[in-house]
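Visitor: Fold the stuff below for me.
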Amino acid sequence: MKFPGKRKSKHFFPVQESGRMKITEDISDLGAVYIVGLEQLLVDIEANVPFDFLQQYGIKRGESEVFSDEKFEEIYLELKKNKMLIGEFPGGAIGNTLHNFSTLSDSKSVAFGAISSPIYVGDYAYKYITNTHSLVDMSHLHPCQGPIGRALCLLTPDKERSFVLGKGVMNDLDESSISEEVIKNASLVLVSAFSFRNEQAPIYRAHFKAMDLAKKYHVPIVLSLGTSELVKNKRDFFIDLIKNDINIVAMNELEAAALADESDPLKAIDHILDWTDLVLYTNGPKGLYIGAHVDDFCKRETKDPIYTKSIRDYNRYEYSRAQLKADCKKPLKIFTHINPFMGGPAQIKNTNGAGDAALAALLHDIAANTFHRQVLPQSEKHQHLFLTYSSIHQISKYCNRVSYEILMQNSPRLFKGLSLKDESLEDGYWAL
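Guide: Numbers count the residues shown, from 1 in each chain. Modelled structure (predicted):
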């Protein structure tokens, strides 16, 4: 597994005698480290549209809506006729995150979802598979008759994204396809709020089976919130879900406001941390926040300037590694914030997938911790139970850097991992 960010080797394999690994020990014998994602398989179709196009078709700006296949096809043909299409890419929040995770880490991920059967050369399902990283294991996909799901991502001149979904078979994942063995040995299980939209759909039941298995084997569960409108409509449902089942929640500022009923980032995160263990909060041009828990005994004070916003000295312990609240004797909430990398790109080509890229970076760090604990359980890094390999401050830098790559391209997925040396960065950017 590639380790996240630009690091000095001592951070991975400590040179102290107690932390050394025998030269004869075969890492491959220690078992594969992978993550699992449950997905509504989708192809993203991106288009630049004027504001009045949304009004013409009754599309809510900045939201995600499901349209009938007939209505979806009408909009698609209009876009094609007027040459508004930018590109067509394999997508979906979970699909993007799994692809990006495998790209960054060089490690396996496993996708559960429904896909068209049969698949023909050149159709959307074929394009989805052939344009997804080879380390994303799709052998557990559930075959269904019908088209793969499609999502129109409509970009208005202000770069706001509005989504129109054509369902196809995206909700037809059957719970019988969920493998207990795969869940049992995963580093984490990733789910999306979109899959909880329809309680009658097979994918809804499949998600709860996967989450029940994850809890049985103490595998952390990650929830990606998809759209503020869905969160508003099912707020009580999602609060209960997070309290009872979820360890990590990823969201943007609109979704956080809908969930916590609080517009201030730090106050929203602080509130949500009463329900879960770690929060990733992307805040558009204002950067991103991470909030988490750490045992008071394990806290580490920052070496950077200490700031006060709505929470006094909020980043004082941002050099701490995150822990599950249940693993803390005296849990302490910790926060960090980082501005956009290099102020953001000079020209933003695309915002679709930037949050998924940031989440992939966070999951890479969590999986790296699992891998390191398997390889060197005696390392000083594992004297206490931690969720992450790095401090939340370090992770925020990594998330920021990865999402920057997406903003500079049209595709919502990474084409390649980060270079080993970032010529545009000083060494201090990655320092702990």
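
Visitor: Report the contact partners of Pro340.
Guide: Going by CB atoms under 8 Å, 6 or more residues apart in numbering, Pro340 touches Pro285, Lys286, Gly287, Asn400, Tyr404. Where C-beta positions appear, they are placed from N, C-alpha and C, glycine not excepted.

Visitor: Name the member of these with the shortest distance to His99.
Guide: Nearest to His99 out of these is Tyr404 (CB to CB; 17.2 Å).

Visitor: Can you check the pLDDT for the closest residue in space to that closest one that isn't next to it in sequence?
Guide: In space, and not counting its chain neighbours, Tyr404 is closest to Phe341: 4.2 Å by CB to CB, 6 or more residues apart in numbering. Looking at Phe341, its pLDDT stands at 80.

Visitor: okay, now Phe341: neighbour count?
Guide: Phe341 has 21 neighbours, counted by other CB atoms under 10 Å.

Visitor: Surely it is in contact with Asn400?
Guide: Yes - assessed by CB atoms under 8 Å, Phe341 is found in contact with Asn400 at 4.7 Å.

Visitor: follow-up on the earlier one: what's the PyMOL line that selects buried ones from the contacts of Pro340?
Guide: Remark: buried members of the contacts of Pro340, expressed as a PyMOL selection using 16 or more other CB atoms under 10 Å:
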select buried, resi 287+400+404
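
Visitor: Farthest pair within the contacts of Pro340?
Guide: Farthest pair in the contacts of Pro340, by CB to CB: Lys286 and Tyr404, 14.3 Å.

Visitor: Give the closest residue to Ser109 in space, chain neighbours not counted.
Guide: Nearest non-adjacent residue to Ser109, counting by CB to CB, 6+ apart: Leu98, 4.3 Å away.

Visitor: can you map out the helices along the stretch 1-150 of the chain?
Guide: Taking DSSP state H, counting those that start in this stretch, the helices of the stretch 1-150 of the chain run over residues 51-56, 69-81, 93-105, 124-130.

Visitor: any idea how far the last one is from the chain center?
Guide: So that's helix 124-130. Taking CA atoms, centre = their mean, to the nearest Å, one finds the center of helix 124-130 at 21 Å from the center of the full chain.

Visitor: send the alpha carbons of it over as CSV?
Guide: The C-alpha trace of helix 124-130 is given here as CSV (Å, rounded to 0.1, in the frame of the first residue of the first chain):
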residue,chain,number,x,y,z
TYR,A,124,-22.9,2.5,-20.5
ALA,A,125,-22.2,-0.5,-18.2
TYR,A,126,-19.2,-1.5,-20.4
LYS,A,127,-17.8,2.1,-20.2
TYR,A,128,-18.3,2.1,-16.4
ILE,A,129,-16.3,-1.1,-15.9
THR,A,130,-13.5,-0.3,-18.4
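
Visitor: one step back: keep only those of the contacts of Pro340 that are in helices.
Guide: Counting by DSSP state H, the part of the contacts of Pro340 found in helices is Asn400, Tyr404.

Visitor: which helices and strands does the lengthiest helix in the chain pack with?
Guide: Longest helix in the chain, counting residues (DSSP H): helix 354-375. The helices and strands touching helix 354-375, judged by 3 or more CB pairs under 8 Å, 6 or more residues apart in numbering; DSSP states H and E, are helix 93-105, strand 221-224, strand 248-252, strand 278-282, helix 392-407.

Visitor: Nearest to Pro50, out of those?
Guide: For Pro50, the closest of the helices and strands packed on helix 354-375 is helix 392-407, at 22.1 Å, according to CB to CB.

Visitor: and the angle from the longest helix of the chain to helix 392-407?
Guide: 130 degrees (axes from the mean of the first three to the mean of the last three CA atoms, to 10 degrees).

Visitor: list the buried ones in helix 354-375?
Guide: Within helix 354-375, the residues scored as buried using 16+ other CB under 10 Å are 354-373, 375.

Visitor: coming back round to it: highest mean neighbour count out of the helices of the stretch 1-150 of the chain?
Guide: Of all the helices of the stretch 1-150 of the chain, helix 93-105 has the most neighbours on average by mean count of other CB atoms under 10 Å, namely a mean of 28.
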